[in-house]
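Engineer: Predicted model, plus sequence, below.
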Amino acid sequence: MVPALAKLGLWGLVLMSLLDSSSVPLLMDPIVAGYIWANQSRLLLVVVLASLASAVGGLVPYLLGRAGGELFLLRRINREKFEKIRAHFERQEFLAMLIPSILPPPTPWKAFVFAAGVFEMRSTLFLLAVFLGRFLRWLALGLLVIHYGPQIVDAAAHTIAQHKGILFVALAVLFAMILFSVFRRRNKPEEQ
């Protein structure tokens, strides 16, 4: 399927990005890297198209979450925990979608998308967070590919696979530090 779509040029990239974020998981980083390597002068166009398609495709799991996700989650967790998760999500919904959209696999991105639908994140904010996250991720990838060549994708994937535990802990610590900083600022008493 991927080689057939690749023959469509940039439209193939758009279709693959739509499929990846909506339903069929594809390894988009190597695909985007290949398109960037083949179209170096059109780096921004490739990144924007892939990011837009990813955001639009993400509407499928998002709308599924909106349609019946609350019942799905309530079968797995109790109401009290559900409300706690909702409160945390609503305080920082933009970051809750932006950060997973930046992170590479094995981040459970579709779970965050589904949760955004369940917790009724505004669709325009959802689209913006996903677009911006994917744009930043693939722009950084594109700059690395142009500078170091496409083999950087394989080297990075191999390194991540070898050290995924350490990477996960580091990302969790970074995420916790960001949340702590945000909550501290929100709960800081106002000076009079």
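Structural biologist: Yep, it's here. On a predicted model such as this, the values are computed, not experimentally measured, just so you know. Numbering: from 1, shown residues only.
Engineer: What separation do you get for Leu174 and Ile85?
Structural biologist: For Leu174, the distance to Ile85 equals 20 Å [CB to CB, to the nearest Å]. No exception for glycine: its C-beta is placed from N, CA and C like everyone else's.
Engineer: So between these two, which is more surrounded?
Structural biologist: Neighbour totals were compared for Leu174 and Ile85, and Ile85 leads with 15 against 11 (other CB atoms under 10 Å).
Engineer: buried set for the lengthiest helix in the chain?
Structural biologist: Across the chain, the helix with the greatest residue count (assigned by DSSP state H) is helix 123-148. For helix 123-148, a neighbour-count test (16 or more other CB atoms under 10 Å) marks 126-127, 129-135, 137-139, 141-142, 144-146 as buried.
Engineer: Going by contacts, tell me the helices and strands next to that helix.
Structural biologist: helix 28-38, helix 43-57, helix 59-74, helix 93-102, helix 109-118, helix 151-162 (3 or more CB pairs under 8 Å, 6 or more residues apart in numbering; DSSP states H and E).
Engineer: so of these, which one's packed in deepest?
Structural biologist: When these are scored by mean count of other CB atoms under 10 Å, the highest mean neighbour count falls to helix 109-118 (a mean of 22).
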